[in-house]
Structures are given as C-alpha cells and as structure tokens.
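Q: coordinates only, no sequence provided:
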C-alpha cells in the first residue's frame, strides 16, 4: 500500500485540523490525535476560509471587550497562551 504524496497529506491534515505528524500517526497506528481545547480551536481556525476567520476574529474581539469590563477574568493569560502558539 502506498501513501499519498506529502502535499496531499498536508492538505488533509489541515482539513482535519491536525499536524502532518498527527495525521501520519493516525494512518499508521490508527490512534486519533489528542490535544487540548485551545490547540483544537487554533488548528481549526487555521484551516478555515478567510471569511470565517474574520467572523471568529470579530467574536473574539467582542468577547475580550466584554470580559475586560468584568474584573473577574484575566484576558492577558489567554493572550499569552495564544501568542505562544503563533
């Protein structure tokens, strides 16, 4: 059995919100990749079309604005986590 070329595997991995290594592990071992919710969100975000990313960005900004008005949350900790991913 032959594997598809790397370019097609990368496209499939992006579509699934996985890394190429996660997809290859799944294909060889049959194990689904596990990741934290934030990583799942970021992976999904990176595979969305531009229009959908704009909608998500708008919702994120609205959420940060509403949370910044509430003293109970710490939005800076979220921003640090996201910065480490980029």
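A: Done, it's in. As the structure is a computational prediction, the values presented were derived from the model and not from experiment.
Q: and the helices in this protein?
A: Using DSSP state H, the helices found in the chain span residues 6-16, 20-29, 37-47, 50-68, 75-85.
Q: quick one: the second one to helix 37-47, angle?
A: Translated: helix 20-29. 100 degrees (axes from the mean of the first three to the mean of the last three CA atoms, to 10 degrees).
Q: same check, this time on the fourth one
A: Relative orientation of helix 50-68 versus helix 37-47 (the same axes, to 10 degrees): 140 degrees.
Q: which other helices and strands contact helix 50-68?
A: helix 75-85 (3 or more CB pairs under 8 Å, 6 or more residues apart in numbering; DSSP states H and E). From N, CA and C alone the C-beta is placed, and that goes for glycine too.
Q: domain parsing for the chain?
A: Domain assignment for the chain, taken from automatic domain parsing, gives 1-34, 48-86.
Q: single out the most deeply packed of these.
A: The highest mean neighbour count among the domains of the chain, using mean count of other CB atoms under 10 Å, belongs to domain 1-34: a mean of 12.
Q: quick check: mean pLDDT of that domain?
A: Taken as a whole, domain 1-34 has a mean pLDDT of 84.
Q: okay if I get the domains of the chain as JSON lines plus distance to residue 40?
A: As requested, those are arranged in JSON lines below (distance: least, CB to CB, whole Å):
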{"stretch": "domain 1-34", "distance to residue 40": "7"}
{"stretch": "domain 48-86", "distance to residue 40": "11"}
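Q: and these: which comes nearest residue 42?
A: Closest to residue 42 of the domains of the chain, according to CB to CB: domain 48-86, at 5.3 Å.
Q: residue 25 and residue 31 touch, don't they?
A: Yes. Using CB atoms under 8 Å, residue 25 makes contact with residue 31 at a distance of 6.1 Å.
Q: wait, residue 44 sits on residue 16?
A: No. Applying CB under 8 Å, one finds residue 44 not in contact with residue 16, separated by 9.4 Å.
Q: so how many other residues sit close to residue 36?
A: Residue 36 is flanked by 9 other residues according to other CB atoms under 10 Å.
Q: same question, residue 46
A: Residue 46: 12 neighbours (other CB under 10 Å).
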